[in-house]
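# Take a look and give me a structure for this.
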Amino acid sequence: MNYPLKTLPIIVPAAFWLLSLSLHAQTNLAETYDGTNITGIEKIIAEIELQKNGTSEQQWRIDAQQRINKYRKSQITVEVKDKNGIPLPNAKVELKQLNHKFNFGGVISTKKFAKQAEVLPNFINQIGFNNGLKYKHKERLADTVEPIIDWAKQHDISARGHVLVYPGWQFMHKDAKKLKNNPEQLKNFIEAQLYDYAKRWDVVEWDVMNEPLDNLEIANLLGRDIMADWFKQAQKHVRNKDARLFINENRIISAPPANIDRIVEYKKIIKEIIADGGPIEAIGVQARFRVDSITPEMVYQRLEQFNEFNLPIVATEFEIVNTPRYNFKPTHLRRAQMTEEYMQVLFSHPNVDGIVAWTVLNNLTSRSSANDKSTTNEKETRGLLNWDMSLPLNGKIWLYLINNHWQTNETKQTNSAGKIDVSAFHGKYQVTVSQGDSNIVHTINIDKNTNEIALSF
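The predicted structure is shown next:
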């Protein structure tokens, strides 16, 4: 089985290894997870090729490709010299991309981790947890998170935290709900909650506050400046001092037209927190699409409205969801088309540096929409991987883009000056230099500031 995003062998945590072994045969299906399985999505691939070649008839694709070339790739010169510092001509230089600088994340249920662990490194370079790091569930789920974070470290997969404060009563811990009539004790409880979880978990990102537009009861009770205080406390106590601090909100870039005013309201809250000294370091825009009327151009223009903050943006909770409320039930092909179009726009925007799929593994049965807890007899379709480990069409597109289309894997021969020129996506690379029977392997990182790389042989 190929693992293009990660090259390390997968070691499943002890708590899950028996279940993983029992599923080993199941994951050895005819499916491939390296981005080469394009059965059923050939039409979409053809359009992507037109975009890549600059011959698409869709202007948004031409614009997106130009931005991708500008912001996600670098034109670099690799120079190879021998041990005496003399340029080495006619050497073979093989570049193999190991990982992306851009985050392609995926959210999992910790209790279903073992089922997907073997193939997860093909899908993600960052892992998140749907309920695992919500303080409300700390007695039930916290112990299941630690071994998964350890596993992720072994596979060069970062972890993001969701969420430190989800400030609506329905999302608070049961002990916090007892303090509705005692604001001072409630304030102290949340401070202790922040201290406990920020200090405990080794993650590179935290959603410090989630969905404030619909959950302001606690902030209004304790005083609006408490929101900035939560960010200050998070910054003080985070275990990983480089962890980015997010505010996160839904129906922003994915808002149906009737909810477009949410962008204005979201920006007001961000400005309010910053004005009160809250160190917001990144903006989360949940990307859960429930209608078919949001064009790629609309997504780009919505992202542009946040340029004034000059902050990184991450498309959190990315998925295309069946929603009877809006009479939205796309075909598998349409879901794949929407996935590809939105990923192209997100990947092309200079302020966006991550896309996090909210559902990697589909459940056996689905919930029809938000706030509808009843299950149906239909299999879930929102995720990137089916319950039986087969690939839905949207999963194939996801893998094609991140493991194939947006990958740089090239082999070139140095010229008389010992150099090669290459256009490379930003990320981590293994570079093998060989001549005759000798070779040497280097690990390098390419980013927007990389123009020249010197290698020894």
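
# Just give me how far stretch 176-189 sits from the chain centre.
34 Å (CA atoms, centre = their mean, to the nearest Å).

# again with stretch 68-82
Put simply, stretch 68-82 sits 24 Å off its chain's centre (CA atoms, centre = their mean).

# again with stretch 303-323
When distances are taken as CA atoms, centre = their mean, stretch 303-323 is centred 11 Å away from the chain's centroid.

# May I have the distance across it, first residue to last?
Taking CA to CA, to the nearest Å, stretch 303-323 runs 24 Å from one end to the other.

# Just the buried positions in that stretch, please.
Buried residues in stretch 303-323, counted by 16 or more other CB atoms under 10 Å: 303, 306, 309, 311-323. Glycine gets a C-beta too; all of them are placed from N, C-alpha and C.

# wait, which of these is closest to residue 294?
Of all these, residue 294 sits closest to residue 320, with 10.5 Å by CB to CB.

# for that closest one, what are its contacts?
Contact analysis of residue 320 by CB atoms under 8 Å, 6 or more residues apart in numbering lists 289, 330, 335, 338-339, 382, 394.

# Residue 225 now?
Applying CB under 8 Å, 6+ apart, the residues near residue 225 are residue 276.

# Tell me how many other residues crowd the closest residue in space to residue 216 that isn't next to it in sequence.
Nearest non-adjacent residue to residue 216, counting by CB to CB, 6 or more residues apart in numbering: residue 167, 7.1 Å away. By the criterion of other CB atoms under 10 Å, residue 167 has 25 neighbours.

# now residue 58
Count around residue 58 with other CB under 10 Å applied: 14.

# From residue 358, how far off is it?
27 Å (CB to CB, to the nearest Å).

# can you check residue 396 too?
Look at residue 396 and residue 358: by CB to CB, they are 18 Å apart.

# re the thing from before, which one (most neighbours) among the contacts of residue 320?
In terms of neighbours by other CB under 10 Å, the contacts of residue 320 top out with residue 394 at 28 neighbours.

# just checking, that residue is part of a helix?
Yes: per DSSP: H, G, I helix; E, B strand; the rest coil, residue 394 lies within a helix segment.

# List the contacts of it.
Residue 394 makes contacts with 320, 332, 335-336, 339, 384, as judged by CB under 8 Å, 6+ apart.

# Next step: those restricted to helices.
Mapping the contacts of residue 394 onto helices (DSSP state H) picks out 332, 335-336, 339.

# Export those as a markdown table, with columns for pLDDT and distance to residue 183.
Shown next, in a markdown table, are the ones in helices among the contacts of residue 394 (pLDDT from 0 to 100; distance: CB to CB, whole Å):
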| residue | pLDDT | distance to residue 183 |
| --- | --- | --- |
| 332 | 98 | 50 |
| 335 | 98 | 46 |
| 336 | 98 | 49 |
| 339 | 98 | 44 |
